[in-house]
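Asker: need coordinates for the following:
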Amino acid sequence: MLVLAAQRQIDFPTFLFANVGDDSEHPATLAYVREVAMAYARQHGIEIHEIQRRRRDGSIETLWERLHQPQLRSIPIPVRMANGAPGRRSCTSDFKIKVVARWLREHGATAHRPAVLGIGISLDEIHRANKRRSDPYEQIEYPLLDLGLRRDDCAQIISAAGLPVPPKSACFFCPYKTVDAWREQRRDEPELFAKSVQLEAVLNEKRAMLGRDAAYLTRYGTPLNNAIQVMAPSSSETLDSGCDSGWCMT
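Answerer: Residues are numbered from 1 along each chain as shown. Got it, this is the predicted structure:
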């Protein structure tokens, strides 16, 4: 959408990146936004604002910090139960949607003068589009759907503009990660994998103290360090369709 806006094919002069935390977002996403997207936007007179969730005292709260709060009782990420099913989550709502909504209201969006909010869902993921979920002060649009663009089309548009195609955006510890993605993290990013293992252990310590069953970052019902082994990619693994928001690169 940034390239399309620069080419004046869509009319979106302002872009928002809701950063859930430098300790939570994948480093590759942060690098792309700050080193590639922001520079490209400046060249074409487009604004990009990096925004984050703030507490009442004005300090920044990150998702990683919330997950490590001693008093945590409800896990905000979709950890997997023993049967492999994902639990409820509030991370997208609290650290993406509400953060964007607050920025819109602070910059003049009202029910009488709603902000037009474009979300980058492509035809491959049309089931994720739902305009009924918009709030009174926003009018949600799906520019990629209007143009009939698929994920491959988007990659070609980005490449044709001379930009590298961005990596898939998500927290590095997201339970919606595919098994192959976990294997790649263990092989190529051992420090991030070790932090994911540590997070899972911390969450289960809290659940044990509350008398609750263990939960996991994969569907295998066993600790991450045991569940993920480095091996050849599986041809059956595809992008996980569990994430239904379309907000992760927002």
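Asker: check what pLDDT I60 gets.
Answerer: I60 carries a pLDDT value of 97.
Asker: skip the chain neighbours and tell me the closest residue to it.
Answerer: Distances taken as C-beta to C-beta, 6 or more residues apart in numbering place Q52 nearest to I60, at 5.0 Å, with adjacent residues excluded. Heads up, the C-betas are built off the backbone N, CA and C, glycines and all.
Asker: state the distance from that neighbour to D135.
Answerer: In this view, Q52 and D135 are 20 Å apart by C-beta to C-beta, to the nearest Å.
Asker: do F15 as well
Answerer: Distance from F15 to D135, by C-beta to C-beta: 19 Å.
Asker: and for T29?
Answerer: Relative to D135, and taking C-beta to C-beta, T29 is found at 26 Å.
Asker: okay, buried residues for stretch 64-83 please.
Answerer: W64, R66, L67, I75, P76, I77, P78, V79, R80 (16 or more other C-beta atoms under 10 Å).
Asker: now do it, average pLDDT.
Answerer: Mean pLDDT, stretch 64-83: 92.
Asker: dump it to CSV, restricted to CA.
Answerer: Backbone C-alpha positions of stretch 64-83 (Å, rounded to 0.1, in the frame of the first residue of the first chain) are rendered in CSV as follows:
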residue,chain,number,x,y,z
TRP,A,64,6.9,-8.7,26.3
GLU,A,65,6.6,-6.7,29.5
ARG,A,66,3.0,-7.6,30.0
LEU,A,67,3.7,-11.3,29.5
HIS,A,68,6.3,-11.1,32.3
GLN,A,69,4.1,-9.2,34.8
PRO,A,70,4.2,-11.1,38.1
GLN,A,71,0.4,-10.6,38.5
LEU,A,72,-0.5,-11.8,35.0
ARG,A,73,-3.6,-14.1,35.2
SER,A,74,-4.7,-14.0,31.6
ILE,A,75,-2.3,-14.7,28.8
PRO,A,76,-2.8,-12.1,26.0
ILE,A,77,-1.2,-14.2,23.2
PRO,A,78,-3.0,-17.3,21.6
VAL,A,79,-1.0,-20.0,23.4
ARG,A,80,-1.9,-23.6,22.5
MET,A,81,-3.8,-25.8,25.0
ALA,A,82,-2.8,-29.4,25.5
ASN,A,83,-5.1,-30.4,22.6
